[in-house]
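Participant: Generate a structure from the sequence data that follows.
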Amino acid sequence: MKNLIITNHSYMLWQFRRELIAALMEHGNVVISMPFVGHEDDFEKMGCKCIDTDVDRRGINPIKDFKLLLNYFKLISSEKPDKVITYSIKPNIYAGLVCRLKKIDYFTNVQGLGTAFQNSKLAKLVTTMYKAGVKKASTVFFENSANADIFIKRKIVSPNKIKVLNGAGVNLEHYFFCDYPKTESTDFLFVGRIMKEKGIDELYYAIRKLKDEFGDKVNLDIIGFFEDEYKDITETLNKDGIIRFQGFQTDARPYYKNCGCVVLPSYHEGLSNVLLEASAMGRPVITSDIPGCRETVENELSGYLVETKNGEALYEAMKKFVLLSAKNKADMGYNARKKVEKDFDKADVVRQTINEIFK
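Facilitator: This is a model prediction of the structure:
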């Protein structure tokens, strides 16, 4: 049996799906189509065949997208897979269309709705395209029930084809529990792309106020790439000592271990891997009260949920955390670990996925 995986980012696939791919290899050969931006050598060492496929992840260019559709048609015709598993919007739609036409068994993963459903005009277009792409999918996987409900409401997919997973899960051995750090300062950490949709405006607002109030007793480390529009402000805040910009890191675990709390004021998520990783390592989290974030947090027990797009609410939650005793902070971290052990073990997610694909 040949299993073909089609995605738009090799790094993300390695970070969050390599355990699933190892399980897929027990059911036959695995071929991966993706842009080569890292870890393709690691997949090949596992025994996968990797095919470099250019995907414009964020752009909406009809000519480029039609070319991608043709590339997927050639790819699938050449590889002749028994099963196809897709991740992210363009592979879901365009590879899904090809699989539908060629009557190949395929499985779609909706990891989040992103900005596509935020704009009413764009949402209509994406709805139409998704309907065509997933019409004959055997299963459409979602990372939270709210996203699945939107697809049902828009009549994109029938309820009997939906399977909601607890995100990608988290590897509880790789992200191991760490005792809470014994420091006099409260060190917050943001991990993710520095962009508007991740709530970076609200976070920068909150940390400015906290720095004015608490000085060096509060710190914020930032890990990730910045969008061009945030380059100047990020570099200025770093220079002024308001934040500590650490750039992109291939392994965030040392930063999770040394921080006191992870903050993610995102506008939308499928199910946040950052929150799962931080929680697994015993760190409280402060995040938006939205689908994809709220599922990972027991409010007031393992962290705080705040209103999205509200910088003042985020500041108040972060200040509330700063004023907690060391014991209360450590207890929150312990509760966070127990939460992911119970609900988000990656082994369980992989098992559910494999059972659905090969039932």
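
Participant: domain ranges for this protein?
Facilitator: Following automatic domain parsing, the chain resolves into domains at 2-169+345-357, 186-343.

Participant: With mean neighbour count and distance to Tyr180 as extra columns, can I get these in CSV?
Facilitator: Glycine gets a C-beta too; all of them are placed from N, C-alpha and C. Formatted as CSV, the domains of the chain follow (neighbours: other C-beta atoms under 10 Å; distance: least, C-beta to C-beta, whole Å):
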stretch, mean neighbour count, distance to Tyr180
domain 2-169+345-357, 18, 22
domain 186-343, 19, 4
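
Participant: Phe177: which of these is closest?
Facilitator: domain 186-343 (4.7 Å; C-beta to C-beta).

Participant: what's Ser33 sitting at in phi/psi?
Facilitator: The phi and psi values for Ser33, taken as degrees, to the nearest 10, are phi -100, psi 120.

Participant: Return the residues in contact with it.
Facilitator: Counting by C-beta atoms under 8 Å, 6 or more residues apart in numbering, Ser33 touches 4-7, 51, 53, 72, 75, 91.

Participant: let's see 7 Å
Facilitator: 4, 6, 51, 53, 75 (C-beta atoms under 7 Å, 6 or more residues apart in numbering).

Participant: before we move on, back to that, confidence-wise, which of the domains of the chain is weakest overall?
Facilitator: Lowest mean pLDDT of the domains of the chain: domain 2-169+345-357, a mean of 92.

Participant: Surely Tyr175 touches Glu277?
Facilitator: Yes: the pair Tyr175 and Glu277 qualifies as a contact (C-beta atoms under 7 Å) at a distance of 5.0 Å.

Participant: Output the domains of the chain in JSON lines; the columns should cover distance to Asp179.
Facilitator: Putting those into JSON lines (distance: least, C-beta to C-beta, whole Å) gives the following:
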{"stretch": "domain 2-169+345-357", "distance to Asp179": "21"}
{"stretch": "domain 186-343", "distance to Asp179": "7"}
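
Participant: Tell me where this protein has helices.
Facilitator: Using DSSP state H, the helices of the chain run over residues 10-24, 40-46, 62-79, 89-90, 96-102, 120-134, 145-153, 200-214, 231-239, 253-258, 273-280, 311-322, 326-343, 346-357.

Participant: Roughly how far does Gly260 sit from Pro254?
Facilitator: Computed as C-beta to C-beta, to the nearest Å, the Gly260 to Pro254 distance reads 14 Å.

Participant: Equivalent analysis for Arg17, please.
Facilitator: Distance, Arg17 to Pro254, by C-beta to C-beta: 23 Å.

Participant: and what of Lys153?
Facilitator: Going from Lys153 to Pro254 by C-beta to C-beta gives 43 Å.

Participant: for the helices of the chain, which one sits closest to Gly247?
Facilitator: helix 231-239 (10.0 Å).
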